[in-house]
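A.B. asks: Need a 3D model of the sequence below.
(chains A and B)
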2 protein chains.
Amino acid sequence: MQNNPDKILIESVKRLLRRDATTRLRKIARKTHAADLSSVFHSLSIPNQRRLFNLIDEIEIKGEIFSNVDEDTFLNIIEEITLDEMVEILDLMPKDDVADLLGHLPVEKSDAVLEMMKKEGSEEVEGLLHYGDDTAGGIMVPDFIALREDITAREAIESLQEEHLDVEMPFYLYVVDSNGKLIGVSSLRQLVVVPPNTPLRDFMTTDVFAVKTDMDQEEVAKIVARYDILAVPVVDDTNQLMGIVTVDDVIDIIREEATEDILKMVGAGEEFVETKSIFKNIKMRMPWLFASCIGGIVASFIIGYFQSSLSKLAYLAAFIPVIMGMGGNIGVQSATITVRGLATGRLAIRDIWSVVFKQLVVGMILGLFYGLVVGTVAQLKYTRGLFAMSVALAVFSSMTLAALAGSLVPMTLAKINVDPAIASGPFVTTAIDIISVTFYFFIATTLLGI
Amino acid sequence: MQNNPDKILIESVKRLLRRDATTRLRKIARKTHAADLSSVFHSLSIPNQRRLFNLIDEIEIKGEIFSNVDEDTFLNIIEEITLDEMVEILDLMPKDDVADLLGHLPVEKSDAVLEMMKKEGSEEVEGLLHYGDDTAGGIMVPDFIALREDITAREAIESLQEEHLDVEMPFYLYVVDSNGKLIGVSSLRQLVVVPPNTPLRDFMTTDVFAVKTDMDQEEVAKIVARYDILAVPVVDDTNQLMGIVTVDDVIDIIREEATEDILKMVGAGEEFVETKSIFKNIKMRMPWLFASCIGGIVASFIIGYFQSSLSKLAYLAAFIPVIMGMGGNIGVQSATITVRGLATGRLAIRDIWSVVFKQLVVGMILGLFYGLVVGTVAQLKYTRGLFAMSVALAVFSSMTLAALAGSLVPMTLAKINVDPAIASGPFVTTAIDIISVTFYFFIATTLLGI
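C.D. replies: Residues are numbered from 1 along each chain as shown, chains lettered A, B, ... in the order given. All right, here's what the predicted structure looks like:
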């Protein structure tokens, strides 16, 4: 869990900031990898973030810090730098990152920045800003190597020596026709292996995995992951090559999406809220808790309905928690397995009945076991056979139904194209709470005749 | 969610298998990307998996199927092929995948396979088998390009044209000294850009990110992700280059680890259980449910203790579900945010107090709000001020404590080096159930004097 090198670095930086040891801080800023330096920022107070940032000498490193820190830190830092400095930094950054950052700024400010940026860069950034944040277009970099099909391997190598020096991922060479349409792909590796006079068209691979600019980033990530490729070309509707999505961005997407899914399942927002303000935390968590509150109130009405039975047999109430808890827990297990299975592609919607059936069987077996356990406890404590049997039956039916609902609800939601991660949580837990309590009281009052 | 091309492929294959259309199946097997073909296997019955596998003509494709399918499918398929065929397939596969697969076989069988494999390959595989499954050594490939520091760029390119043709990731060229110790890294890109007579030592990067063979795979993945590199070299204690871990394996690790964390949090095993047998499903989910069962039984004893109060005021029981539910849900939210934050490095253990404090404030504010909501409902329904106040106070204290426990427990576990994902679930939910109920009855009986 603990990342020791980070910890040491953070402690040193903090100590030096306290002592105001600017020379040594400058040296650390120069010698530390930008990715490591970025992680330091997250542990500093806002004034210290600004101080450290100002101690960085190289503009490129400042750009890498911008690329790596989270939105809040970025906004804190830029508050105190001049527009000129900001533009100078952005001009040297990868254009997809610039587009991301500008998306966080108020429109007037981002317009002002675009106005001042170098023409070529600002046009690229403006192009990227048109695409949805979470689409292939929104995450692609417009820097790639595109060569014409009729040039030879030697010419291709020569062109690499003269231009394309700033391309992020120079391993794939995309081959385009005279209209800029993508027709093939080759690699630097192939260039050095074939005879120098071979034209690209003779050795390029024509079977290219390309994605459209509007494809969802999660789908793009799936393609890169499935086919083990380092970058995927992005094309528009006319198959014109617009950019590439590189594997390092795909890794970030996969992590983000996993975090998103986990947080959505418990109704704690879609982005990571802990680093956000308390107000945002509350706002994001409120709705899910509201659903569960309504469910709890409904349960209170149901129990209220059995009030007279409760007056006659007060210890009926004692087993409400264990019946609700067992149902809730097994339901959450089934829902989690199903949602994660769907997200990773290990479960397919078409397998709905086999998945639900398996969960149902698991729920029945576990329900039988825990029904017997809890029923035995009830019998030992209250020595009233029919009551113990009611408790056992209630645990059994609650767990069985919960396992059923936990798998059926997300599967059904996915089938009707609702994100199962977002809706399963409140639906499943609330439904299980209400059903468990109703069953329990119904079974107990019927069996005991109260 | 739905992956349409897969669906169409799977339906076609199933239809053709029913019709026994072997010629067309052979053609599909030949024309489909191995990664797509592998996903078909997961949707087929065991006999059909074997039939389809036998219809694949190319040995390499069979190897890719082995690399891509899950353990169960692999074991199903090999049941019916000869040892000779299996060895022929394994000989052509990446050695890290072979080592993985052999790890799933009984020792006698894997020994027999190693015996029959080509000497060079089997030695590499045996080497890999010595490392732990989840370490850098266990996931590295022993194929990489290592060149001596004194050779020139031109000689390096020539060597690429003659050998290393089967290297998986030919983008980094590792530079070693005469003892095979890693001293630098260069790239194919640099080779074509520098003057041909420059020796590697003059343009290689000496600042290499290398990892030790025993580093945990999760740490390796973090390094690749953080520094945006395509492969990381793996060295032994003497800095001898042993292999490389490539970014495509890192993607798989990141996905696996995310799934593991999610499943662990709800006590549904560490691996994905849905595709496993019902028995395995039950075995993995049993212990967590047991913890929650004990918690529920303890709660029943506590409520039993307040039996006489319940006889006097039966509707006390009505609000047990909402108080437990609200506490449980906010606790799970806080625990999830904290566990995921620790896993992704967005939260650090040293920030324990600021994290817990923030969660506490969030819990208090949300507790205040929902306490008022539920208290108002109680007042409207039962019009007894002190009772409504008890309910409101119980919701407030349950939610506050749950948010506190939900963040404090995982942070503390991480501090003492226990995996917070595995232990937070049962600890937090059980504790919250018991505390919520106790507080509720204590507050209500005190305020109402019953």
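
A.B. asks: ok, which stretches of the stretch 351-450 of chain A are helices?
C.D. replies: Using DSSP state H, counting those that start in this stretch, the helices assigned to the stretch 351-450 of chain A run over residues A:352-382, A:385-415, A:420-448.

A.B. asks: meant to ask about the stretch 101-250 of chain A, not that
C.D. replies: With DSSP H, counting those that start in this stretch applied, the stretch 101-250 of chain A shows helices at A:107-116, A:119-129, A:136-139, A:153-162, A:188-193, A:200-203, A:217-227, A:247-265, listed in chain order.

A.B. asks: most tightly surrounded among these?
C.D. replies: Per residue and on average, the most neighbours among the helices of the stretch 101-250 of chain A fall to helix A:136-139, with a mean of 25 (mean count of other Cβ atoms under 10 Å in any protein chain shown). In short, each C-beta sits where N, CA and C put it, glycine included.

A.B. asks: now check that one, is it near chain B?
C.D. replies: No. Contact of helix A:136-139 with chain B (Cβ under 8 Å from any Cβ of the partner chain) is absent, the minimum separation being 14.0 Å.

A.B. asks: cool, and stretch A:345-365?
C.D. replies: Yes. Against chain B, stretch A:345-365 shows contacts by Cβ under 8 Å from any Cβ at A:345-351, A:355, A:358, A:361-362, A:365.

A.B. asks: For ChimeraX, what selects the buried ones among these?
C.D. replies: If you want just the buried ones from those in ChimeraX, going by 16 or more other Cβ atoms under 10 Å in any protein chain shown, the selection is:
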select /A:345,346,347,348,349,351,355,358,362,365
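
A.B. asks: Redo the residues of stretch A:345-365 next to chain B as a markdown table? Include pLDDT and distance to residue B:245.
C.D. replies: Listed next are these as a markdown table, based on pLDDT from 0 to 100; distance: Cβ to Cβ, whole Å:
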| residue | pLDDT | distance to residue B:245 |
| --- | --- | --- |
| A:345 | 75 | 23 |
| A:346 | 76 | 23 |
| A:347 | 81 | 28 |
| A:348 | 80 | 30 |
| A:349 | 82 | 34 |
| A:350 | 80 | 35 |
| A:351 | 80 | 33 |
| A:355 | 87 | 34 |
| A:358 | 90 | 35 |
| A:361 | 93 | 40 |
| A:362 | 92 | 36 |
| A:365 | 95 | 41 |
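
A.B. asks: show me what contacts residue A:214?
C.D. replies: By Cβ atoms under 8 Å, 6 or more residues apart in numbering or on different chains, residue A:214 lies in contact with A:131-132, A:135-137.

A.B. asks: In those residues, which has the lowest confidence score?
C.D. replies: Minimum pLDDT across the contacts of residue A:214 is recorded for residue A:132, with 83.

A.B. asks: count of residues packed around that one?
C.D. replies: In terms of burial, residue A:132 registers 13 neighbours under the definition other Cβ atoms under 10 Å in any protein chain shown.

A.B. asks: Would you mind listing where the stretch 351-450 of chain A has pLDDT under the threshold?
C.D. replies: A:423 (pLDDT under 70).

A.B. asks: Enumerate the residues of it near chain B.
C.D. replies: On the criterion Cβ under 8 Å from any Cβ, chain B has as its neighbours in the stretch 351-450 of chain A the residues A:351, A:355, A:358, A:361-362, A:365-366, A:369-370, A:373-374, A:377-378, A:381, A:414, A:417, A:419-420, A:429, A:433, A:437.

A.B. asks: Since that was my last question, I'll sign off now.
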